[in-house]
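Asks: The following block contains a protein sequence and its predicted model.
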Amino acid sequence: MKKYNFIIIIGFVLMTAFVQSQITLNLALNSHPQPWLSQWANPINGQMIISYSYGVSQGDALVKLRTTLMDESGNSIGTSNPNAARIISLKLGVNLFTMADALQLQNLSLSGKVLGTLQRTGRLAAGQYQLMVEIMNVKGDIVLAHQTHPFFITSYQLPILMYPPDGAKLDAKIAQSLITFRWTGLIPNNAEPPTYRVQVFEVLQGQTPMQAFRGNRPLLDEPALHGMTQYIWHTNLSMIDTIINQKFIWTVQTLDMEGQPIPSNDMTIQGRSEPAIFTIINQNKAINKKNED
Amino acid sequence: MKHLKQIAIILVLFLAFQVNAQEAKKTFSISGSMGVTYEGYGLNSIPGPPSTPPFYNARKPWNLVRYSFNPTFMIGKWEIPMNLNFSPMLNNFTTPSGTKQSLWQFLTNPANNFGLRLKNGKTEWLLGTQNLKYSDLSTGDLGIFGYGVNLAPGKFRIKLFKGVSQSPINYEAPSLPNPAGVIGAYQRNQWMAQIGLEKEGVYFTGFNFVKSIDKRSSVIAPPLTPIDPQENMIVTFLTNTTSENGWKFNLELGQSFHTLNLNTPLSTTPVADFKPFLTAHTSTNKDNAVIAGIAKKGSDWELGTKFKYFGAGYFTAGYPFMKNDLIDYLIDTRFNIWKKKMNVVGSFGERFGNLSRTAGPDRTKQLIANVNIFTQFTDRFSLNASFNNFGYSAPDLSGYKSVSNELSLNPSYTWSNTKMSNMISATYTKSLYDETIIFVTTHNNTQTAMLLYVPTFFNKKVSPDFSVMWFKNTAPSIDLTLVTASTGMTWEVSKKFKFKSQLQYNISTMLPFTANKNLMATAGYDWKLQKKLSWQFTMTANVFHFGSEIPGNTLTPIYMGNPQYFETTMRTGLLYKF
């Protein structure tokens, strides 16, 4: 009887070892990953760690992943198709994967508004979500391990340049002493106010404004006072000439605490708002011309 | 370099063709201009380096040379305008550049223009740098280096162009002597086409196609993420008409396909392929945009409205900084009343943003309203009054809101006798700018007053002007006052030589600090050396003494005195017109 008891205990220990320690899953997902789901391969978004240790059978294990994307309340908004999932061969020990592998975007079936937003923007609407990953056998009928991890999606909208508005004409007599720049704040508001750098480029003769913006060194590249959406530029530029300091293009670059451009919905990834142009008009020059006429 | 070879071949073929044309017609003429400008900049700070932190940085390159050559050749039936405007120096800021540039990088540097057009009747061949704007939703405002053709057989309009809008730049890690490194860029190739029907001045209707793709093999050391290779395809339908009785109508419908990162896996999820133009990746998205406008013009008035919708995923490589995810409308008008003595220009519009809700749960709202009224009361007295209102709100958790109201009055009075005329003009502007962040509102008020006097002597060659300005800005932690006095003079020494000068003195005080003082002097001349050759020269010196706003004891080593800087800018240019 003792012999049977011993065999049963050994069998139970082996079974426990197989079930509990053969495959473990850890979703080390950044709580604020990049809003573009296609970019989740970047290490900044985290890693999926699957540990595989000896069980009853030795050697590599073949598994599949099933991914479920859920909203804040835990309702499913998208699920991957296990039949189309890639078969993964787990090596003994620690297996590292990107979060893109965990998400399986190319195999994810979304529906309704979420699908529409993803197709149009490559992103999810701002809010809280949950990612559930299940490790399954190749047949897809047994879940070997699973984990759910919450995350927040936030996209930013860069400031809009308010003043001087695009196409504004500024009086030379005032502009050669100072020009006031204003813009709207970063949306949504960040816990740590961003740094706004005001950048002004002179449009040289024979250049288009965008050419000056892309090719010239800025005349002004200064940060606004922390948290302020206004910058008063003491220009100290002579504007008497007809070819110097007559046309400018300006923008605001929004930077985070590390001085990196705020990730926003712009294809340049520079954190620069859509630039605006202003020109300088000289009242007394116009008067002299009128008198000459 | 492949593009360069293709352009060279096309150029040689056309030059050969031109020679034949020249032989046939035996006519040749050239007109236009050429010139060179040089700008030298100097800065001397006291205390100078190694004092830290630096309290004033150089704002211009020490030396800048630019060449321009803009002739138009007429050879027989051929008209060939050229636009060569370039600098051998590298001053790129928003676009990357290495420490040295190859010939190809020099030609495709956005700071430079190397373009020419070969026109023969309604056929136009384009070579080199071109700024092509087919429409508002497609080709964009970037210079593209390449080649193409514009054809206009009958009512048909066909435009084709292929080129490069971004030079290839290798990534360089930060190191000495370049601690910033070079972020790098992929070469961006661009193709564009327009096919349509046109009756000049009456209507145009057609399609635009623009494709751009970053060439991954263009760099040996590719830039690091997040600068990933991208691909973009745009298709737009454009139509506009103008009627004889003053109606104008325009409409453009666009759809864009944009791949954020060509290194992501190929996939028809979430967006299907757009064959044969684009194969979808997981980072591909597509969206739409609409622009429409209608206006009616009368003899003394004009009224119009514009509508715009840019989806959150509408991208065009031609307008890389274009803001999307918005819908807006604008109504503008212009009319004369009171026997044409009063001219009114006004506009009103609203813009809603964050339609996709990807930047928060609610839409943002922007309001723009402005009106400008100019009244010529008498021959001597006129008044310009303008009112601008800008409002912006993001009614989400951040509760961001900003409202700006600005009123400006500008009366002018002129009087004259047999010897001189006088003009006195005043400007007063009051701006109220309220900003609410997390339900805390700050008031930011600005006032500007300026008085300008310009006497003009009929029998003298000197034209002076005098002005004073007062500026006041108050906001939390800001109490800034600035007073400026300035005088200028233009002296026509002879018909060939005109001398210009200006002196400006500024006192700006940011309480509780003591005042900053600044003197700026400018002198220069325009000299017609010959009938076709002129020389322009301007020299500006700027002395700035800081008050206690930058106290010397915040610098290392401690400076006993007020920091100051002396800045000079010299710009000179030779221009030859032919």
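Replies: Ah, there it is. Note that the structure is a prediction, hence the values are computed from the model and not measured.
Asks: residues contacting the nearest residue to B:Y559 once chain neighbours are set aside?
Replies: Once flanking residues are discounted, B:Y559 sits nearest to B:G552: 3.5 Å by CB to CB, 6 or more residues apart in numbering or on different chains. Where you see a C-beta, it was placed from the backbone N, CA and C, and this is true even at glycine. Contacts for B:G552 (CB atoms under 8 Å, 6 or more residues apart in numbering or on different chains) come out as B:P47, B:I558, B:Y559, B:M560, B:G561, B:N562, B:P563.
Asks: one more time with 10 Å, if that's ok
Replies: By CB atoms under 10 Å, 6 or more residues apart in numbering or on different chains, the contact set of B:G552 is B:P47, B:S51, B:F55, B:F546, B:I558, B:Y559, B:M560, B:G561, B:N562, B:P563.
Asks: got a pLDDT number for it?
Replies: Note on B:G552: pLDDT of 82.
Asks: Could you double-check that A:H234 sits in contact with B:L482?
Replies: Yes - using CB atoms under 10 Å, A:H234 makes contact with B:L482 at a distance of 7.8 Å.
Asks: So if I had to pick from those two, which one is more boxed in?
Replies: Set A:H234 next to B:L482 and count neighbours by other CB atoms under 10 Å in any protein chain shown: B:L482 wins out with 22 against 16.
Asks: and whatever residue of chain A ends up closest to chain B, how many neighbours?
Replies: Nearest residue of chain A to chain B, counting by CB to the nearest CB: A:G215, 2.6 Å away. Look at A:G215: counted by other CB under 10 Å, it has 26 neighbours.
Asks: The closest residue to it other than its chain neighbours: how many residues sit nearby?
Replies: Residue nearest to A:G215 in three dimensions, not counting chain neighbours: B:A111, with 2.6 Å by CB to CB, 6+ apart. When neighbours are counted by other CB under 10 Å, B:A111 registers 25.
Asks: which SSE is B:K211 in?
Replies: Per DSSP states H and E: B:K211 is located in strand B:203-215.
Asks: Parallel or antiparallel, which strands does the helix or strand that comes right after that strand pair with?
Replies: Next helix or strand after strand B:203-215 toward the C-terminus (DSSP H and E): strand B:231-242. Using DSSP bridges, strand B:231-242 pairs in its sheet with strand B:203-215 (antiparallel), strand B:247-259 (antiparallel).
Asks: Identify each buried residue in strand B:231-242, please.
Replies: For strand B:231-242, burial by neighbour count (16 or more other CB atoms under 10 Å in any protein chain shown) applies to B:E231, B:N232, B:M233, B:I234, B:V235, B:T236, B:F237, B:L238, B:N240, B:T242.
Asks: Please compute how far the helix or strand encompassing A:I232 lies from its chain's middle.
Replies: Using DSSP H and E, A:I232 sits in strand A:230-233. Chain-centre distance of strand A:230-233: 29 Å, with CA atoms, centre = their mean, to the nearest Å.
Asks: okay but B:W62 is in contact with B:E567, surely?
Replies: No - B:W62 sits out of contact with B:E567 when judged by CB under 10 Å, with a separation of 11.9 Å.
Asks: list residues touching both of the two?
Replies: Residues touching both B:W62 and B:E567 (CB under 10 Å, 6+ apart): B:Y41, B:G42, B:L43.
Asks: Give me the buried subset of those residues.
Replies: Buried by 16+ other CB under 10 Å: B:Y41, B:L43, out of these.
Asks: Show the subsequent helix or strand relative to the one helix or strand in chain A whose mean pLDDT sits lowest.
Replies: The weakest-scoring helix or strand in chain A, judged by mean pLDDT, DSSP states H and E, is helix A:2-21 (a mean of 50). For helix A:2-21, the following helix or strand on the C-terminal side (DSSP H and E) is strand A:23-29.
Asks: Looking at that following strand now, give me its mean pLDDT.
Replies: Rounded mean pLDDT across strand A:23-29 is 93.
Asks: which of the residues in it are buried?
Replies: A:I23, A:T24, A:L25, A:L27, A:L29.
Asks: List the residues that contact the first one.
Replies: What that stands for is A:I23. Neighbour list for A:I23: A:I50, A:S51, A:Y52, A:S53, A:G55, A:A61, A:V63, A:L90, A:N95, A:I135, A:L144, A:A145 [criterion: CB under 10 Å, 6+ apart].
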